[in-house]
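In: Dropping a prediction and its sequence here:
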Amino acid sequence: MKLLPYTTLTLDTDLAPGDVIKLLRCNVASAWRLPWRQSEEPFRGKVRTSSFSIFRNINVRNSFLPFLRGKVAPRGSGSTLRISMTLHPFVVLLVCLISAYVASFYGIDDTLACRVVAVVGLGIITIFNVLGILIGFWPEVDKAKGILEGLLATEGPVANNSQSPAGARQVGLQSQR
């Protein structure tokens, strides 16, 4: 059982770094969108000249959706993508603030009622977070990993073939959890 929402992934490809960035740009929509407009790209976020910060483009809300940060580096005639997947920093901050607020009930008063509220509240928050990580984070890690592998293994992006660099092929990959 993996309770720490963090993993790394290394993908190697025959594509040049510039072509990998172009491929990512074709498959990453803007991070912000109107709620009633769904884009076809499999990811949302930002792609820079040699790095990216993205998350999967889904129609439902999932606070435990993995936040992917990666760098594209040259490797011989191809490229290496080094990616870390974790919770969005805002979600971590929010969970910490809510936990601290509930825990503060323990110190407000020495009454049994305040202590029970704090202990029960922290227990509920802990169960919610564990379930969120196991049900909301890890399955989405596998989906995002599969999409990225598919993008690099095909000859073009999933959403927009007109801007695709030709010849994208996956050479090898490693994953650490």
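Out: Yes, it's here.
In: Can you show me the strands along the chain?
Out: Per DSSP state E, the chain carries strands over the ranges 6-13, 28-29, 43-47, 51-56, 67-75, 78-86, 170-176.
In: Serialize those strands to TSV and add fields for mean pLDDT.
Out: Output for the strands of the chain, formatted as TSV (pLDDT from 0 to 100):
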stretch	mean pLDDT
strand 6-13	95
strand 28-29	92
strand 43-47	94
strand 51-56	95
strand 67-75	96
strand 78-86	96
strand 170-176	41
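In: would you turn the ones you listed into TSV with distance to Gly123 and mean neighbour count?
Out: All C-beta spots, glycine's among them, are computed from the backbone N, C-alpha and C. Output for those, formatted as TSV (distance: least, CB to CB, whole Å; neighbours: other CB atoms under 10 Å):
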stretch	distance to Gly123	mean neighbour count
strand 6-13	24	18
strand 28-29	39	20
strand 43-47	34	19
strand 51-56	29	19
strand 67-75	27	18
strand 78-86	24	19
strand 170-176	31	13
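In: Include distance to Ile98 when you put these into a markdown table, please.
Out: What follows is those, written out as a markdown table (distance: least, CB to CB, whole Å):
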| stretch | distance to Ile98 |
| --- | --- |
| strand 6-13 | 20 |
| strand 28-29 | 30 |
| strand 43-47 | 25 |
| strand 51-56 | 21 |
| strand 67-75 | 19 |
| strand 78-86 | 19 |
| strand 170-176 | 30 |
